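In: Take this sequence and fold it.
(one chain, ligands or ions: 1)
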Amino acid sequence: MQSVPTGIPAARSDRRPIEGRGVRGGCDRGSSRRPVLEAVAGPPADPSDPPGRPPSRRPADPARDEERGLATKQRPKADRPPRFKVLLFNDDYTPMEFVVQVLEQLFGKSPSAATQIMLQIHRSGIGVAGVYVLEVAETKSTMVHRMAEERGYPLRSGVEKE
Ligand code: TYC
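Out: Numbering: from 1, shown residues only. Down below sits the predicted model:
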(Lines give C-alpha, C1' and ligand atoms only; values in the text may rest on other atoms or scores of the structure.)
Protein backbone atom coordinates (compact mmCIF):
# COMPACT_ATOMS: atom_id res chain seq x y z
CA MET A 1 0.00 0.00 0.00
CA GLN A 2 1.27 3.43 -0.87
CA SER A 3 1.50 6.08 1.82
CA VAL A 4 -0.11 9.42 1.18
CA PRO A 5 1.39 12.59 2.62
CA THR A 6 -1.09 13.95 5.14
CA GLY A 7 0.91 16.75 6.90
CA ILE A 8 0.61 14.82 10.17
CA PRO A 9 3.97 13.61 11.51
CA ALA A 10 4.31 9.89 11.46
CA ALA A 11 4.30 8.09 14.82
CA ARG A 12 5.78 10.94 16.97
CA SER A 13 9.22 10.32 15.49
CA ASP A 14 10.31 13.92 16.17
CA ARG A 15 9.90 13.65 19.93
CA ARG A 16 12.79 13.47 22.34
CA PRO A 17 13.38 10.02 23.76
CA ILE A 18 11.93 9.70 27.24
CA GLU A 19 14.73 7.60 28.68
CA GLY A 20 16.32 9.08 31.77
CA ARG A 21 13.04 10.18 33.20
CA GLY A 22 12.72 9.15 36.76
CA VAL A 23 16.28 10.05 37.77
CA ARG A 24 14.89 13.12 39.45
CA GLY A 25 11.66 11.54 40.44
CA GLY A 26 10.02 12.03 37.01
CA CYS A 27 9.24 15.56 37.93
CA ASP A 28 10.91 17.98 35.55
CA ARG A 29 9.40 21.34 36.25
CA GLY A 30 11.77 23.47 34.21
CA SER A 31 15.44 24.38 34.32
CA SER A 32 15.24 27.32 36.75
CA ARG A 33 15.01 25.01 39.76
CA ARG A 34 18.14 23.64 41.39
CA PRO A 35 18.56 19.97 40.54
CA VAL A 36 17.69 17.77 43.48
CA LEU A 37 20.89 15.72 43.23
CA GLU A 38 23.12 18.76 43.45
CA ALA A 39 21.24 20.17 46.42
CA VAL A 40 21.72 16.92 48.34
CA ALA A 41 25.14 15.74 47.25
CA GLY A 42 26.92 18.99 46.50
CA PRO A 43 28.10 20.38 43.21
CA PRO A 44 28.58 18.08 40.21
CA ALA A 45 31.98 16.78 39.22
CA ASP A 46 34.33 19.12 37.46
CA PRO A 47 34.27 18.27 33.72
CA SER A 48 38.04 18.73 33.66
CA ASP A 49 38.51 15.81 36.07
CA PRO A 50 40.58 13.01 34.53
CA PRO A 51 38.55 9.93 33.60
CA GLY A 52 38.79 6.89 35.86
CA ARG A 53 39.32 8.92 39.01
CA PRO A 54 36.67 9.91 41.51
CA PRO A 55 35.40 13.41 40.77
CA SER A 56 37.06 16.17 42.69
CA ARG A 57 35.01 18.55 44.77
CA ARG A 58 35.24 22.19 44.05
CA PRO A 59 37.54 24.05 46.45
CA ALA A 60 35.84 24.87 49.74
CA ASP A 61 33.60 27.86 49.42
CA PRO A 62 32.25 28.85 52.86
CA ALA A 63 29.43 30.84 51.30
CA ARG A 64 28.17 27.81 49.34
CA ASP A 65 28.62 25.54 52.36
CA GLU A 66 26.63 27.90 54.53
CA GLU A 67 23.91 27.86 51.89
CA ARG A 68 23.78 24.09 52.27
CA GLY A 69 23.71 24.24 56.06
CA LEU A 70 27.19 22.71 56.56
CA ALA A 71 29.44 23.73 59.44
CA THR A 72 32.02 26.11 58.02
CA LYS A 73 34.00 27.51 60.95
CA GLN A 74 37.66 27.66 59.93
CA ARG A 75 39.98 26.59 62.75
CA PRO A 76 43.57 27.83 62.75
CA LYS A 77 45.99 24.93 62.42
CA ALA A 78 47.36 23.90 65.82
CA ASP A 79 50.91 25.17 66.22
CA ARG A 80 53.70 22.80 67.16
CA PRO A 81 54.37 23.37 70.87
CA PRO A 82 57.73 25.02 71.62
CA ARG A 83 60.61 22.73 72.55
CA PHE A 84 63.01 23.06 75.46
CA LYS A 85 66.54 21.74 75.93
CA VAL A 86 67.51 20.02 79.15
CA LEU A 87 71.05 21.16 79.87
CA LEU A 88 73.65 19.50 82.09
CA PHE A 89 76.51 21.50 83.57
CA ASN A 90 80.01 20.35 84.38
CA ASP A 91 81.40 20.28 87.90
CA ASP A 92 84.53 18.90 89.49
CA TYR A 93 82.96 16.28 91.79
CA THR A 94 80.26 14.31 90.02
CA PRO A 95 81.82 11.06 88.72
CA MET A 96 81.80 10.58 84.96
CA GLU A 97 80.11 7.16 85.35
CA PHE A 98 77.23 8.73 87.21
CA VAL A 99 76.61 11.32 84.46
CA VAL A 100 76.63 8.54 81.87
CA GLN A 101 74.13 6.59 83.97
CA VAL A 102 71.83 9.65 84.20
CA LEU A 103 71.98 10.19 80.45
CA GLU A 104 71.10 6.54 79.80
CA GLN A 105 68.36 6.17 82.41
CA LEU A 106 66.64 9.54 82.24
CA PHE A 107 67.31 10.57 78.67
CA GLY A 108 67.29 7.22 76.88
CA LYS A 109 70.78 7.57 75.43
CA SER A 110 72.82 4.57 74.34
CA PRO A 111 76.02 3.89 76.31
CA SER A 112 78.19 5.36 73.56
CA ALA A 113 75.96 8.44 72.99
CA ALA A 114 75.82 9.05 76.76
CA THR A 115 79.62 8.84 77.01
CA GLN A 116 80.06 11.30 74.12
CA ILE A 117 77.66 13.81 75.69
CA MET A 118 79.27 13.46 79.12
CA LEU A 119 82.75 14.05 77.68
CA GLN A 120 81.52 17.04 75.71
CA ILE A 121 80.07 18.55 78.93
CA HIS A 122 83.28 17.71 80.81
CA ARG A 123 85.35 19.57 78.19
CA SER A 124 83.11 22.50 77.33
CA GLY A 125 81.18 23.02 80.59
CA ILE A 126 77.66 22.48 79.22
CA GLY A 127 75.72 20.05 77.03
CA VAL A 128 72.24 19.06 75.88
CA ALA A 129 70.82 15.89 77.43
CA GLY A 130 67.54 16.01 75.44
CA VAL A 131 64.85 18.22 73.91
CA TYR A 132 61.20 18.09 75.01
CA VAL A 133 58.03 20.09 75.49
CA LEU A 134 58.28 22.33 78.55
CA GLU A 135 56.55 20.13 81.10
CA VAL A 136 58.60 17.05 80.22
CA ALA A 137 61.85 19.05 80.14
CA GLU A 138 61.18 20.48 83.62
CA THR A 139 60.33 17.07 85.02
CA LYS A 140 63.54 15.56 83.62
CA SER A 141 65.62 18.40 85.04
CA THR A 142 64.03 17.94 88.47
CA MET A 143 64.77 14.20 88.29
CA VAL A 144 68.46 14.89 87.51
CA HIS A 145 68.68 16.97 90.69
CA ARG A 146 66.91 14.31 92.75
CA MET A 147 69.14 11.49 91.49
CA ALA A 148 72.28 13.57 92.12
CA GLU A 149 71.17 14.68 95.60
CA GLU A 150 70.41 11.07 96.60
CA ARG A 151 74.05 10.23 95.88
CA GLY A 152 75.44 13.44 97.31
CA TYR A 153 76.72 14.82 93.95
CA PRO A 154 76.50 18.47 92.94
CA LEU A 155 75.41 17.77 89.32
CA ARG A 156 73.31 20.69 88.01
CA SER A 157 70.75 20.78 85.25
CA GLY A 158 68.61 23.49 83.62
CA VAL A 159 65.95 24.08 80.94
CA GLU A 160 66.32 26.47 78.02
CA LYS A 161 64.02 27.26 75.09
CA GLU A 162 65.31 25.79 71.84
N1 TYC B 1 83.91 16.85 85.38
C2 TYC B 1 83.46 15.65 86.04
C3 TYC B 1 84.65 14.83 86.46
O4 TYC B 1 85.77 15.03 86.01
C5 TYC B 1 82.57 14.81 85.14
C6 TYC B 1 81.28 15.49 84.76
C7 TYC B 1 80.86 15.45 83.45
C8 TYC B 1 80.53 16.10 85.72
C9 TYC B 1 79.69 16.03 83.08
C10 TYC B 1 79.33 16.71 85.37
O11 TYC B 1 77.71 17.22 83.72
C12 TYC B 1 78.91 16.66 84.05
N13 TYC B 1 84.45 13.85 87.34
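In: can you list the residues of the protein near the ligand?
Out: 88-92, 94-96, 99, 118, 121-122, 155 (CB under 6 Å from any ligand atom). (Glycine included, C-beta is placed from N, CA and C.)
In: So which of the residues you listed sit within helices?
Out: 96, 99, 118, 121-122 (DSSP state H).
In: okay if I get those residues as a markdown table plus pLDDT, neighbour count and distance to Gly108?
Out: Formatted as a markdown table, these follow (pLDDT from 0 to 100; neighbours: other CB atoms under 10 Å; distance: CB to CB, whole Å):
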| residue | pLDDT | neighbour count | distance to Gly108 |
| --- | --- | --- | --- |
| Met96 | 98 | 12 | 19 |
| Val99 | 99 | 26 | 15 |
| Met118 | 98 | 24 | 15 |
| Ile121 | 98 | 23 | 17 |
| His122 | 98 | 14 | 21 |
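In: pull the longest helix from the chain.
Out: The chain, longest helix under DSSP H: helix 134-151.
In: so what does it touch, helix or strand wise?
Out: If you count contacts as 3 or more CB pairs under 8 Å, 6 or more residues apart in numbering; DSSP states H and E, helix 134-151 packs onto strand 83-89, helix 96-107, strand 126-133, strand 156-161.
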